[in-house]
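Novice: sequence and predicted structure below; questions after.
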Amino acid sequence: MTYYGAKELAVSFRTVRANTIQIAEEIPESQYEFSPAPEVRPVGKLLFHVSQVSAVALYTQQNKITKMADVPFMDILGRLRAEEARPRTKDEIVAALKTEGEKFATFLEGLSEAFLGEIVTMMPGSQPGTKSRLELILSAKEHEMHHRGQLMLIERMLGIVPHLTRQFQQRMAVRQAAAAKT
């Protein structure tokens, strides 16, 4: 018996994606070409990349891949890179974040505990050599959170206080005000 199943996975992914969407909406479109360093994706391309994070996980799970060596990574990555290279407006990127995120979350909701517990053999030489489908799906969320951390640092570079920081500051201000009254 697990305590973290398909419904919790979908809710958690939707929360992560909602935070990413808020960042995408708060960064001005005029800054979507900003890159914090050479050879680092600019904001717009990074956000579009994030919108596609679930593609490999979705492919692997929908096709019930049991050996990661069977995934045509080069074909999938080639298509994703070609899509990422295409110019897009901020509105198109935000729409992709919303659409692709909801598609993945809806897929997650329908997974069974048995399916999430199935074991998949990783690429030769990988450690560990096997992972559960749940672990593989969680890696898509972790990948997005990694990039969201980058985006929050980029926001700081652009003079934007990230929304999660603002929310924390507001909670602390309320607590301090309540403590001052006692």
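Specialist: Done, it's in. Since the model is a prediction, treat every value here as computed from it, not as a measurement.

Novice: so what's the residue count around the spatially closest residue to residue 156 that is not a sequence neighbour?
Specialist: Nearest-residue entry for residue 156: residue 162, 7.2 Å, with adjacent residues in sequence omitted and distances by Cβ to Cβ, 6 or more residues apart in numbering. Glycine gets a C-beta too; all of them are placed from N, C-alpha and C. By the criterion of other Cβ atoms under 10 Å, residue 162 has 20 neighbours.

Novice: model confidence over stretch 114-123, on average?
Specialist: For stretch 114-123, mean pLDDT rounds to 94.

Novice: kindly report the same for stretch 62-81.
Specialist: So the average pLDDT for stretch 62-81 ends up being 92.

Novice: buried stuff in the helix or strand of the chain with the lowest mean pLDDT?
Specialist: Lowest by mean pLDDT, DSSP states H and E among the helices and strands of the chain is helix 54-62, with a mean of 87. Buried residues in helix 54-62, counted by 16 or more other Cβ atoms under 10 Å: 54, 55, 56, 57, 58, 60, 61.

Novice: what element comes up after it heading to the C-terminus?
Specialist: Following helix 54-62 in sequence order, the next helix or strand is helix 73-85 (DSSP states H and E).

Novice: longest helix of the protein?
Specialist: helix 133-157 (DSSP state H).

Novice: can you name the next helix or strand after that one?
Specialist: Following helix 133-157 in sequence, per DSSP H and E, is helix 163-181.

Novice: ok and that following helix relative to helix 133-157, angle-wise?
Specialist: On the basis of axes from the mean of the first three to the mean of the last three Cα atoms, to 10 degrees, helix 163-181 is oriented at 80 degrees to helix 133-157.

Novice: in terms of secondary structure, what does helix 163-181 contact?
Specialist: helix 6-26 (3 or more Cβ pairs under 8 Å, 6 or more residues apart in numbering; DSSP states H and E).

Novice: can you list the buried residues in the helix it packs on?
Specialist: Under 16+ other Cβ under 10 Å, the buried positions of helix 6-26 are 6, 9, 10, 13, 14, 16, 17, 19, 20, 21, 23, 24.
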